[in-house]
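*Asks:* Show me the folded form of this:
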Amino acid sequence: AEGDRERTPQPEQEQAPRAAAAASPAAPQRPPLLDAQEGRAFAIGAPDEGSEGPEPLDGPNGAVEVMNAPRRPMDDELPPEPLDNPRRLLVWPAPDPSTEAALTERGYRPVLVHSREEVDAQTAAYPAALFVDPLTGPITRTALQSLREAAVAAEVPVLVTAGLGQATRDAAYGADPAVLLKALAPRDSEMHPPRVLLIEEHAPVAEALTATLEQRGMQVARAATDAEAVSLATQLRPNLVVMDLMQVRRRRAGIVDWLRGNGLLKRTPLVVYTSAGIVDPTQFSRLASGETVLFLAERSTSAEVQGRIVDLLSKVGTD
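*Replies:* Just a heads-up that it's a prediction; the model follows:
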């Protein structure tokens, strides 16, 4: 793993954020994200009992056909690359000022989208990627799934940021990472579960994530490093890649390059997370025993993290 992991103060373990009620991103009133010392919880909400979210997902008779998606006709107002300069980057929700400044400096033009139709309207300009970065507003699994489907159908790579925290099971209710990740993971068919490639060097964190993903019906393969993930991906051919941001190779070939080289980058969403505080070895035993679980929170906004995210977007958005 490159660099030191982010170590920012975490909320007290017994005071993790309560679940926030999910609301459509297009609705006029948004529920506020909950305050915590490290960050606010994702407002994805808990699934109804016996429900895993809108079905069917991808595959035959699904919400979107991934293969052979027709290209939209050219829009005179959205010239394709290289005429569209700086290059468009679809974002949801609106980026915070520091992130927007970092993207602009790297040559991107952030374009806010809220719906499938807004993604479709931008595809003629060949945007670099769809960047989901929930720092300034709540997200819902239904809207996230819809945006992901539109981006995959338009062959636009998808990058999602997240943060991981640690809390008791009751305190973390409604912020289960698996709810977000299942909404992001395409499936080959209704008969096959999503295949998730998890890249995490710390075994207790990887085991906790694997357990919650498998409980939601996903198949998980774990690699300890980005380099190991490349070898594993050849066997797995993942539908979703989830990894600690600090393990992304910045200057050398890694999983992003493998996905691109095998024609999978534009249909395989990437989720990168920051896990400051939960990698304290003294807390690993609580995860292993089930005393605590992982919950979704805001990612770190340190200069190092901001730089790594922009670097990764540059990798993802390279044709």
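*Asks:* ranges for the strands of this structure?
*Replies:* When assigned using DSSP state E, the strands of the chain occupy the ranges 87-92, 108-112, 130-132, 158-167, 195-199, 219-223, 240-244, 270-274, 293-297.
*Asks:* mean confidence score for stretch 278-298?
*Replies:* The predicted model gives stretch 278-298 an average pLDDT of 81.
*Asks:* go on, stretch 218-235?
*Replies:* Throughout stretch 218-235, pLDDT has a mean value of 93.
*Asks:* Go through that stretch and flag the buried ones.
*Replies:* Neighbour-count burial for stretch 218-235, counted by 16 or more other C-beta atoms under 10 Å, picks out 218-226, 229-230, 232-233. For the C-beta atoms, the positions are set from N, CA and C on the backbone; glycine is no exception.
*Asks:* Compile the strands of the chain into JSON lines and extend it with columns for distance to S98.
*Replies:* Output for the strands of the chain, formatted as JSON lines (distance: least, C-beta to C-beta, whole Å):
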{"stretch": "strand 87-92", "distance to S98": "14"}
{"stretch": "strand 108-112", "distance to S98": "12"}
{"stretch": "strand 130-132", "distance to S98": "14"}
{"stretch": "strand 158-167", "distance to S98": "13"}
{"stretch": "strand 195-199", "distance to S98": "26"}
{"stretch": "strand 219-223", "distance to S98": "31"}
{"stretch": "strand 240-244", "distance to S98": "21"}
{"stretch": "strand 270-274", "distance to S98": "15"}
{"stretch": "strand 293-297", "distance to S98": "18"}
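*Asks:* picking up where we left off before, how about a markdown table for the buried residues of stretch 218-235, with distance to L180 added?
*Replies:* Rendered in a markdown table, the data for those read as follows (distance: C-beta to C-beta, whole Å):
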| residue | distance to L180 |
| --- | --- |
| M218 | 12 |
| Q219 | 17 |
| V220 | 15 |
| A221 | 19 |
| R222 | 18 |
| A223 | 21 |
| A224 | 23 |
| T225 | 24 |
| D226 | 22 |
| A229 | 20 |
| V230 | 25 |
| L232 | 22 |
| A233 | 21 |
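*Asks:* Check the residues you listed against D120 and report the nearest one.
*Replies:* Closest approach to D120 among these (C-beta to C-beta): M218, at 27.8 Å.
*Asks:* For the helix or strand bottoming out on mean pLDDT in the chain, name the packing helices and strands.
*Replies:* Scoring the helices and strands of the chain by mean pLDDT, DSSP states H and E places helix 281-289 at the bottom, with a mean of 80. Helix 281-289 makes packing contacts with strand 158-167, helix 203-215 when contacts are defined by 3 or more C-beta pairs under 8 Å, 6 or more residues apart in numbering; DSSP states H and E.
*Asks:* nearest to L245, of the ones you listed?
*Replies:* Ranking those by their distance to L245 (criterion: C-beta to C-beta) puts strand 158-167 first, at 7.7 Å.
*Asks:* Show me what the mean pLDDT comes to for the closest one.
*Replies:* 91.
*Asks:* and that strand with strand 270-274, angle?
*Replies:* Calculated by axes from the mean of the first three to the mean of the last three C-alpha atoms, to 10 degrees, strand 158-167 forms an angle of 40 degrees with strand 270-274.
*Asks:* neighbouring strands for strand 158-167, and are they parallel or not?
*Replies:* Taking DSSP bridges as the criterion, strand 158-167 sits next to strand 130-132 (parallel), strand 270-274 (parallel), strand 293-297 (antiparallel) in its sheet.
*Asks:* so what's E228 closest to, chain neighbours aside?
*Replies:* Once flanking residues are discounted, E228 sits nearest to I199: 7.9 Å by C-beta to C-beta, 6 or more residues apart in numbering.
*Asks:* Determine the number of other residues adjacent to that neighbour.
*Replies:* 27 (other C-beta atoms under 10 Å).
*Asks:* circling back to that earlier point, ok, so of the buried residues of stretch 218-235, who is nearest E155?
*Replies:* Checking the buried residues of stretch 218-235 against E155 with C-beta to C-beta, the nearest one is A233 at 19.5 Å.
*Asks:* quick one, what contacts that closest one?
*Replies:* Contact partners of A233, counting by C-beta atoms under 8 Å, 6 or more residues apart in numbering, are L197, V241, I255, W258, L259.
*Asks:* can I assume the fourth one is in contact with E228?
*Replies:* Right, the one you point to is W258. No - proximity of W258 to E228 does not meet the contact threshold set by C-beta atoms under 8 Å, at 11.6 Å.
*Asks:* Low-confidence ranges, the stretch 51-200 of the chain, go.
*Replies:* For the stretch 51-200 of the chain, residues meeting the criterion pLDDT under 70 lie at 51-85.
*Asks:* where do the helices sit along it?
*Replies:* Counting by DSSP state H, counting those that start in this stretch, the stretch 51-200 of the chain has helices at residues 97-105, 116-122, 141-153, 177-184.
*Asks:* what angle sits between the last one and strand 195-199?
*Replies:* Counting by the same axes, to 10 degrees, helix 177-184 lies at 130 degrees to strand 195-199.
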